[in-house]
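# next one to model:
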Amino acid sequence: MSTKTDSVRLYKVRKLISELSNKEGRGTELVSLYIPPKKAIHEAIANLREEWGTAGNIKSDTTRNHVQDALTKAMQRLKLYRTPPDTGLVVFSGALPTNGPGSEVVNVWEIIPPKPVTQYLYQCDDHFHVEWLKDMLREAKVYGILTIDSSDVGMGILSGDSLEIVDVLTSGISGKTRKGGQSARRYERGREMEMTYYFHRVAEHATRVFIDSNKITGLLVGGPGPTKEEFLKDGYLHYELQKKIVGVLDLGYSGREGVRELVEKAGDILKDVRLVEEKRLVQKFLGEVNRQGGLVVYGLPRVIEALHKASTEVVLVSDDLDTVRIDATCKKCGTVKTETVIGAKKIQQRQEIASTPCTKCGATDYDVIVKDIVDVLEEMAFQVGSKVEVISSGTEDGSMFKSFGGVGALLRYRS
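Next up, the predicted model:
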């Protein structure tokens, strides 16, 4: 996936997968539907209508009703579309218990997938089939990172917003100072043998890490001094890896620190990697924070205020912010109560709102909508022509950003 991939869409897909993965139906009552971009919506609805008729043969009244209700809900959702989105459409529908057996409620979820759906798929099962969505999240480009000098080597895997340091080896080669009594020639010969053995070890580990364990699409090599060139020139590296080298860079470090440095220095080569884009955004945010009068705000209330003033350029949100907004509209007079709480407290807060009389008319009957804060910020940003970027909290830069409350915004101007 390129850095231009919609990070909000990826966030929603990951969240949906997490939410639906552990849900189970009473029987084969849960519908999973994958529609390719070129499939006509009316054809998909016709297919579901056929399945609805077939479900009439199910002997169990409860199962039959649940399956037909799930299919009806899915068809109703499809009718909102004239044509599928550019990457297709994924719909999940089914009866799930809210408080034990007999309390099932039919729910429906839809998602615009991050990559095109390649074929029409319909499944009715006791679980939702999210595995095809999971496959879409696998990065098309996976880079191997190898940093080497005469003392140590570091190997890492860079994929999307994840950098994993897989292996660090020390060479065990003696320093350049001769031990007492050794002639220069004898010493150099011994050191050359040690270096040859070290290069063979590095090549074997690289084959295991970059070919056997991970199918990389490109390899970056770096390190201080001439060791990296010697290693590459003398053909130690597996021929498949030699063909995949996309850059060789001079660094200040090798080993573990070198892996991180190489990712930072290879920004132009790695422009299609999400981690690099996130690093750029967070570093820009931190630069504005440290600049007097910087064009930045952080903390949810200040970001929402900036969105209301249309002064935001980009809103940044940590992927584990776990915050929701609850809007409760009084059915009698239309007064709206709004609360923002962490996800773990949403049920308790929702019950509290529902049991509190309306401040205007005293009624306790509400329409309640709970929205993930990322959805709220995305809607507000769309209205003012700015965008939202979701930042992975599992990276070094993501962790730094999270220390500012997990939500911030780069501004167009100071309002």
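# contacts, neighbours, all on C-alpha from now
Noted.
# so Val31 belongs to a strand, correct?
Yes. Remark: Val31 belongs to a strand, assigned using DSSP: H, G, I helix; E, B strand; the rest coil.
# what about the nearest residue to it once chain neighbours are set aside, is that helix, strand or coil?
Closest residue to Val31 apart from its sequence neighbours, by Cα to Cα, 6 or more residues apart in numbering: Cys124 at 4.5 Å. Put simply, Cys124 is strand when judged by three-state DSSP.
# neighbours of Cys124, how many?
Counted with other Cα atoms under 10 Å, residues neighbouring Cys124 total 21.
# for Gly144, same thing?
As a burial measure, Gly144 scores 30 neighbours (other Cα under 10 Å).
# by contact count, what packs against the helix or strand hosting it?
Per DSSP states H and E, Gly144 falls inside strand 142-148. Packing partners of strand 142-148 (3 or more Cα pairs under 8 Å, 6 or more residues apart in numbering; DSSP states H and E): strand 152-159, strand 218-223, helix 227-233, helix 255-265.
# so how far is that strand from its chain's centroid?
21 Å (Cα atoms, centre = their mean, to the nearest Å).
# for that strand, the averaged confidence score.
Averaging pLDDT along strand 142-148 yields 96.
# what of stretch 57-66?
For stretch 57-66, the mean pLDDT works out to 90.
# quick thing: my sequence starts at 892, can you match it?
Shifting the count to begin at 892 puts that one at stretch 948-957.
# and that stretch, which residues are buried?
954-957 (16 or more other Cα atoms under 10 Å).
# where's that stretch relative to the chain centroid, distance-wise?
Once both centres are worked out by Cα atoms, centre = their mean, stretch 948-957 turns out to sit 38 Å from its chain's centre.
# endpoint to endpoint, that stretch covers what distance?
Length of stretch 948-957, first residue to last, Cα to Cα, to the nearest Å: 13 Å.
# surely Leu1140 is within a helix?
No. Applying three-state DSSP, one finds Leu1140 to be strand, outside a helix.
# so it sits against Thr1118, correct?
No. Using Cα atoms under 8 Å, Leu1140 makes no contact with Thr1118, being 11.8 Å away.
# of the two, who's got more company?
Per other Cα under 10 Å, whichever of Leu1140 and Thr1118 has more neighbours is Thr1118, with 18 against 15.
# the more buried one against Ser1041, yeah?
Yes. Thr1118 sits in contact with Ser1041 when judged by Cα under 8 Å, with a separation of 6.3 Å.
# check what pLDDT the residue nearest to Val922 gets.
Cys1015 is assigned 94 on the pLDDT scale.
# check Ile1282 too.
Here the pLDDT value assigned to Ile1282 is 96.
# distance of it from Leu1186?
19 Å.
# same question, Arg955
From Arg955 across to Leu1186, the span is 58 Å (Cα to Cα).
# now do Lys929
Separation of Lys929 from Leu1186 (Cα to Cα) stands at 44 Å.
# cool, Ile1136 as well?
Per Cα to Cα, Ile1136 is found 39 Å from Leu1186.
# neighbour count for those two, which is higher?
Leu1186 (20 against 17).
# got the confidence number for that one?
96.
# over to the closest residue to it other than its chain neighbours: give its phi and psi.
If the residues on either side of it in the chain are set aside, Leu1186 comes closest to Leu1302, at 4.9 Å by Cα to Cα, 6+ apart. Main-chain torsions, Leu1302, degrees, to the nearest 10: phi -100, psi 150.
# show me what Leu1302 is bridged to.
Counting by DSSP bridges, Leu1302 is bridged to Thr1203.
# Ser923 is in contact with the residue nearest to Val922, correct?
Yes. Counting by Cα under 8 Å, Cys1015 does reach Ser923; the two are 6.4 Å apart.
# could you pull out the strands for the stretch 1092-1241 of the chain?
With strands called from DSSP state E, counting those that start in this stretch, the stretch 1092-1241 of the chain shows them at 1109-1114, 1136-1141, 1187-1189, 1203-1209, 1214-1221, 1227-1233.
# how about the fourth one: buried residues?
Read that as strand 1203-1209. By 16+ other Cα under 10 Å, the buried positions in strand 1203-1209 come out as 1203-1209.
# can you pull the buried residues of the longest helix belonging to the chain?
The helix that spans the most residues within the chain, counting by DSSP state H, is helix 1075-1098. By 16+ other Cα under 10 Å, the buried positions in helix 1075-1098 come out as 1078, 1082, 1085-1086, 1089-1090, 1093-1094, 1096-1098.
# from these, pick the one nearest Thr1061.
Set against Thr1061, the nearest of the buried residues of helix 1075-1098 by Cα to Cα is Tyr1089 (8.8 Å).
# how far away is Gly1185 from Leu1177?
For Gly1185 relative to Leu1177 (Cα to Cα), the value is 10 Å.
# please apply the same query to Pro1192.
Separation of Pro1192 from Leu1177 (Cα to Cα): 19 Å.
# compare these two (neighbour count), which wins?
The residue with more neighbours, out of Pro1192 and Leu1177, is Leu1177; 18 against 12, by other Cα under 10 Å.
# what residues are up against the more buried one?
Counting by Cα atoms under 8 Å, 6 or more residues apart in numbering, Leu1177 touches Phe1292.
# one more time with 10 Å, if that's ok
The neighbours of Leu1177, taking Cα atoms under 10 Å, 6 or more residues apart in numbering as the test, are 1171, 1185, 1187, 1288, 1291-1292, 1295, 1301.
# now Ser1042
By Cα under 10 Å, 6+ apart, Ser1042 lies in contact with 1060-1066, 1086, 1089, 1118, 1145-1146.
# tell me the least confident of these?
In terms of pLDDT, the lowest of the contacts of Ser1042 is Gly1066, showing 62.
# that older thread, tell me, what's touching Gly1185 and Leu1177 both at once?
In contact with both Gly1185 and Leu1177: Leu1301, using Cα under 10 Å, 6+ apart.
# how close does His1199 sit to Gln1174?
Distance of His1199 to Gln1174, computed by Cα to Cα: 25 Å.
# ok, and the closest non-adjacent residue to Asp1058?
Here the nearest residue to Asp1058 in space, its sequence neighbours aside, is Met1046; by Cα to Cα, 6+ apart that works out to 5.1 Å.
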